[in-house]
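**Q** everything below, folded, please.
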Amino acid sequence: MLTCQKHLFSLPEDITYLNCAYMSPMLNAVEAAGIKGIQAKKNPTGVSPSDFFDPLNQIREGFSQIIDNPEPNRICIIPSASYGMGIVARNLQLEPGDNVIVAGDQFPSNVYPWLSLEGPNAVRVTYIPAPKGTHRGKMWNEQILDAIDTATKMVTLGHIHWADGTIFDLKAIRKRTKEVGA
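**A** I've put the predicted structure just below:
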């Protein structure tokens, strides 16, 4: 069970901040690291090439452990989700008639790259809107799984929907995409 972590932030004691989709508060440790980085730039003669790569390699290795990835070099560190999604959209080998599945009401960074492929390349983008009613998460996952077919090249979504917290069953979705070669 996660205990209160408020002591890790500089938020006022009387504030409970929940709008991290807009902007999350910064951890005290992140603030300290940022200050350390700014101080290092005061005298760039003390900055070596390894300072650019070693910390990122540590991050890749740590994240790889979390997601059980044996190849840390497959982890890409980028400045924003929109950059990453744009790179994926430009490099995904798509043919006319191929299908990209997007969960409805995704954050714009996960919509615009696919819209740009829809017309000129005759790629079909299938939006699976959030179902109404009870058992919404279960129904939404089932609809995504049902939409995956042999024309599907990619299903693009986060593990939790950014706007409403719906949890997507990434293991089941990945299993289905492997079955069709996506």
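
**Q** Gln143 should be in a helix, yeah?
**A** Yes. Assessed by DSSP: H, G, I helix; E, B strand; the rest coil, Gln143 belongs to a helix.

**Q** what about it, distance to Lys36?
**A** According to C-beta to C-beta, to the nearest Å, Gln143 stands 47 Å off from Lys36. C-betas here are computed from N, CA, C, even on glycine.

**Q** what of Met154?
**A** From Met154 to Lys36 the distance is 39 Å (C-beta to C-beta).

**Q** of those two, which one has the most company?
**A** Met154 (19 against 9; other C-beta atoms under 10 Å).

**Q** what residues are up against the more buried one?
**A** By C-beta atoms under 8 Å, 6 or more residues apart in numbering, Met154 lies in contact with 88, 92, 100-101, 177, 182.

**Q** any idea which of those residues is closest to Glu61?
**A** Among the contacts of Met154, Val88 lies closest to Glu61 (C-beta to C-beta), at 22.6 Å.

**Q** distance of the closest one relative to Pro113?
**A** 7 Å.

**Q** who's more crowded, these two?
**A** Neighbour comparison, Val88 and Pro113: the larger count goes to Pro113, with 23 against 15 (by other C-beta under 10 Å).
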